[in-house]
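K.L.:
below is the sequence, then the predicted model.
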Amino acid sequence: MSARRDSDGLHLMFSFATATPAAFFRRADTVWLVFDSPKPLDIEPIRSQGGSIISEVSQLPLENGQAIRIRLSRPQMPSLAGEDQAAGVVWTVTFSDTMLTPTQPLAAIRNITDPALANVTVPLSRPGLLHRLVDPDAGDALMVVTALPPVRGFIKRQDFVELSLLESIHGVAVRPGSDDITANIAPDKIILGKPGGLTLSSADIGAERAPTAVRPIFDVVDWRKNQAENFVARQDALVTAAAAAEPDQRAPARVDLARFYMSRGLYPEAKGVLDLALADARPGLEDPVALTVHSVASSLMGRPEQGLKDLINPAIGTNHDSQLWKALAYARQGKWAEAREKFKNAEFAITSLPIELQRILISEAMRASLEVRDYSGAAKRSDDLDVVGLPSELKGAISVLRGRLAEALGHDKDALGQYRIAIGSTDRAAAAEAKLLEIILRQRRDEISQAEVLRELETLSVMWRGDAVEVRALQIMARIYPETGRYGESFAAARTATRLQPNSEPTRASPGCGGGAVRAAVSEPEGRRPSAGRRARDILRVS
């Protein structure tokens, strides 16, 4: 094998003299390569060229092949390309910020005509061998089926009662729920079953009778139905269904009720229903769909810490949906760098969601890009918002983001125009932030006097209280007051900012708003304490 790095990322090339099927899938921060060749490969080039991308590489011999485990040290989008050659096959793995080679999706088809023979069939041409291995990180056994090119895999994890089809880039990776799960390989398909038949039902298949194994986490058709029907009648029907469900069907029924509340923007109600559903589950056996919806509801109602806690549960796995909802939780925590990376790694999953969720996620992704100064990424997200459309209630917040983007790119007049749109909106939070940004920009452009700046900031600090907007306004006021001899008011503004957000970055970064500086000024012995005016000037001159 060989490895090289270029502007597109890290490329690993595996050449075989004969047609050698492969499989490629990811679990958490580890990717797995499985080959139908027992001859050991030299993995030293991966270590030498991996740099900051690769943290660990190891080999696992298999009965009829071998597996290579690669642990990533930072988020990457792995992709695989396979090329048939006269003398064999070449597999190329690429780790990059974007997926260079899209995966063709595989489908899982339920066969339930005869319950005693119920199985799941995965159409797959040119399959290879079945390998059994144990993931040392998760401690579970996996069944992996390789295949020759072209590259095909499961875009999303699909769960059944007795097995799960893991997200894969190429090939099929199965997490069996019992030791008697079988995988029979035919020339054009894989048949998964067990003695006496799998436990399957048609309940999860939508009206279109789609051949996929499970519904999406948020199905667009169901979402629209939940929005269109009479609220009370739809709620009563779902509550009744959840109450009458058998114990093994109670969790899905409660998830349906939670999805209804989510479609109506009732995130606390959705979380409450799922609190009950998850409380009834045994630890380690939670419903992954219930966990995911619970995570989303928690993040959207202002509890992103709970959202992240749900997503690290092993039951959810590492599908792209989980990366997307982690991005949402990180954004709601203000962890912008982490949010941006997660959004980049799962951006293609956004388009499959209901439009309301798309708008929320694209907005958060745009802000994450702005916060880390990725202005090209922010501009792309702004264009995406034009495509999905903006309802009136979001126009204020998006105008603030677009104003910030325009200002960062040096388009001051466009920025002022966007800020004024937000100021005139019904979104009071957006209007307050836009007013603050407008004042700062006009001051920088010498369009407003210092007295006018102070007067407008004092008005803003009275009308909008308790968040980062007030803190930043107080910071500016604390810098201006000493220049007019109002030292007591300067210290009062600094104390208020420190009390509101003592650990925020703006408060800690500004000596003028530092609680320690204020406390020091008032706690020194009288004989050694400088005058309040001189002390204020010394502190605030630095800021």
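P.N.:
Received, thanks.
K.L.:
now for residue 93: which residues touch it?
P.N.:
For residue 93, the contact set (Cβ atoms under 8 Å, 6 or more residues apart in numbering) comprises 11, 12, 14, 24, 31, 33, 78, 79, 80. All C-beta spots, glycine's among them, are computed from the backbone N, C-alpha and C.
K.L.:
okay, now the third one: neighbour count?
P.N.:
What it means is residue 14. Under the neighbour criterion other Cβ atoms under 10 Å, residue 14 is assigned a count of 19.
K.L.:
now the fourth one
P.N.:
Counted with other Cβ under 10 Å, the neighbours of residue 24 add up to 26.
K.L.:
now do the helix or strand where it lies: everything it contacts.
P.N.:
Using DSSP states H and E, residue 24 maps to strand 22-27. Contact with strand 22-27 is made by 14, 31-36, 78, 80, 82, 91, 93, 128, 131, 135, 137-138, 144-147, 151, 153, 166-173, 317-318, as judged by Cβ under 8 Å, 6+ apart.
K.L.:
cool, stretch 354-361 as well?
P.N.:
Contact with stretch 354-361 is made by 218, 220, 223-224, 263, 265, 300, 324, 327-328, 343, 350-351, 353, 385, 388-391, 394, as judged by Cβ under 8 Å, 6+ apart.
K.L.:
which among these end up buried?
P.N.:
Listed as buried from these are 218, 223, 263, 300, 324, 327, 328, 343, 350, 353, 385, 394; burial here means 16 or more other Cβ atoms under 10 Å.
K.L.:
in stretch 477-496, what counts as buried?
P.N.:
477-482, 486-487, 489-496.
K.L.:
could you do stretch 76-89 as well?
P.N.:
The neighbour-count check on stretch 76-89 (16+ other Cβ under 10 Å) flags 76, 77, 78, 79, 80, 81, 82, 89 as buried.
K.L.:
any idea which element residue 218 lies in?
P.N.:
Counting by DSSP H and E, residue 218 is found in no helix or strand.
K.L.:
now, the contacts of stretch 354-361 that are in helices?
P.N.:
220, 223, 224, 263, 300, 324, 327, 328, 343, 385, 388, 394 (DSSP state H).
K.L.:
in TSV, list these along with pLDDT and distance to residue 67.
P.N.:
Formatted as TSV, the ones in helices among the contacts of stretch 354-361 follow (pLDDT from 0 to 100; distance: Cβ to Cβ, whole Å):
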residue	pLDDT	distance to residue 67
220	84	37
223	93	40
224	90	43
263	95	42
300	96	39
324	91	28
327	94	30
328	96	33
343	90	31
385	90	43
388	83	41
394	92	47
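K.L.:
just checking, residue 372 touches residue 343?
P.N.:
No: Residue 372 is beyond contact range of residue 343, at 10.8 Å (criterion: Cβ atoms under 8 Å).
K.L.:
need the contact list for residue 463.
P.N.:
residue 432.
K.L.:
against residue 307, how distant is it?
P.N.:
32 Å (Cβ to Cβ, to the nearest Å).
K.L.:
again with residue 478
P.N.:
Counting by Cβ to Cβ, the gap from residue 478 to residue 307 is 35 Å.
K.L.:
just the buried ones from the contacts of strand 22-27?
P.N.:
14, 31-36, 78, 80, 82, 91, 93, 128, 131, 135, 144-147, 151, 153, 166-173, 317-318.
K.L.:
least confident pick among the buried residues of stretch 76-89?
P.N.:
Within the buried residues of stretch 76-89, pLDDT reaches its minimum at residue 76, with 80.
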